[in-house]
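Sequence first, then the predicted structure:
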Amino acid sequence: MATRTTNGNGMAPNLGLEAKARDGVVQTLCTVLADAHVLYIKLRKYHWNVTGPQFHSLHELFEQQYTALAIKIDEIAERILQYGASAPGSMQQFIDMARLKEDEAEGLSIEAHAMVEQIVADHEAVVRNLREDIERVGQEFEDVGAEDFLIGLLQDHQKFAWMARAMIKGKAL
Ligand SMILES: [Fe+2]
């Protein structure tokens with residue numbers, strides 16, 4: 001995606017970063033934003049369609065996570081604006097950019113256990129992807145602000161993964 005930090009309204013913010021670095025950080029943030037949307041929609045789908053003895057707990061868990069993720073989504077998008085770029089906002093753009101995959105199975109056909117496993121896998125994939133993103137924005141683009149922001153996001157996903165994983169440890173749902 002050709003998001004640039006110098007088009008549109010002219011003057012780019014003077015953050016001590018070259019245009020190439022600003023554009024690189026923006027591309028990284030757009031990808032992170034796209035992944036967050038895929039996971040957000042999946043959490044809502046599971047919140048709506050979960051069934052079984054642990055319905056209430058899982059219904060709540062998925063809601064807590066998509067609510068927390070919505071706040072992160074806003075922070076990621078507003079950070080993109082801080083570089084003078086515009087935030088992507090179409091589902092097609094998010095699908096095209098995302099590294100995570102949607103769960104296209106019919107909602108009520110997905111077992112509760114499989115839902116939680118999928119959420120754990122996605123949070124852990126985000127953590128692994130963010131490791132690479134953090135290295136890129138820190139070492140290649142030398143943007144300590146983005147590096148720090150993405151480290152915080154990694155920590156959040158690591159916590160979300162633990163909370164979901166704890167739901168399935170040691171017992172059948
Ligand atoms: Fe609800």
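In hand now; what should we look at?

Enumerate every residue touching His37.
By CB atoms under 8 Å, 6 or more residues apart in numbering, His37 lies in contact with 73, 91, 94, 98. The way it works is simple: take the backbone N, C-alpha and C, and place the C-beta from them, glycine included.

Hmm, I typed the wrong one, I wanted Gly145.
Leu15 are the contacts of Gly145 under CB under 8 Å, 6+ apart.

List the buried residues of the helix ranked longest in the chain.
The single longest helix within the chain, with elements called by DSSP state H, is helix 19-49. Using 16 or more other CB atoms under 10 Å as the test for burial, helix 19-49 gives 21-40, 42-47, 49.

which residues touch stretch 102-117?
38, 41-42, 45-46, 48-52, 54-55, 58, 61-62, 95, 118, 164-165, 167-168, 172-173.

If we use 7 Å, what do you get?
38, 42, 45-46, 48-52, 54, 58, 118, 164, 167-168, 173 (CB atoms under 7 Å, 6 or more residues apart in numbering).

what about Leu58, neighbour count?
24 (other CB atoms under 10 Å).

repeat for the one 4 residues further on
The criterion is other CB under 10 Å. On that basis, Phe62 has 23 neighbouring residues.

sec struct for it, please.
helix (DSSP: H, G, I helix; E, B strand; the rest coil).

Next one: it, what pLDDT does it get?
You'll see Phe62 listed with a pLDDT of 98.

Report the contact partners of it.
Going by CB under 7 Å, 6+ apart, the list of residues near Phe62 reads 43, 46-47, 50.

Ignoring the adjacent residues along the chain, who's closest to the residue nearest to the spatial centre of the chain?
For the chain, Ala36 is the residue whose C-alpha lies nearest the centre (CA atoms, centre = their mean; 2.4 Å). Sequence neighbours aside, Ile73 is the residue nearest to Ala36 in space, at 4.9 Å (criterion: CB to CB, 6 or more residues apart in numbering).
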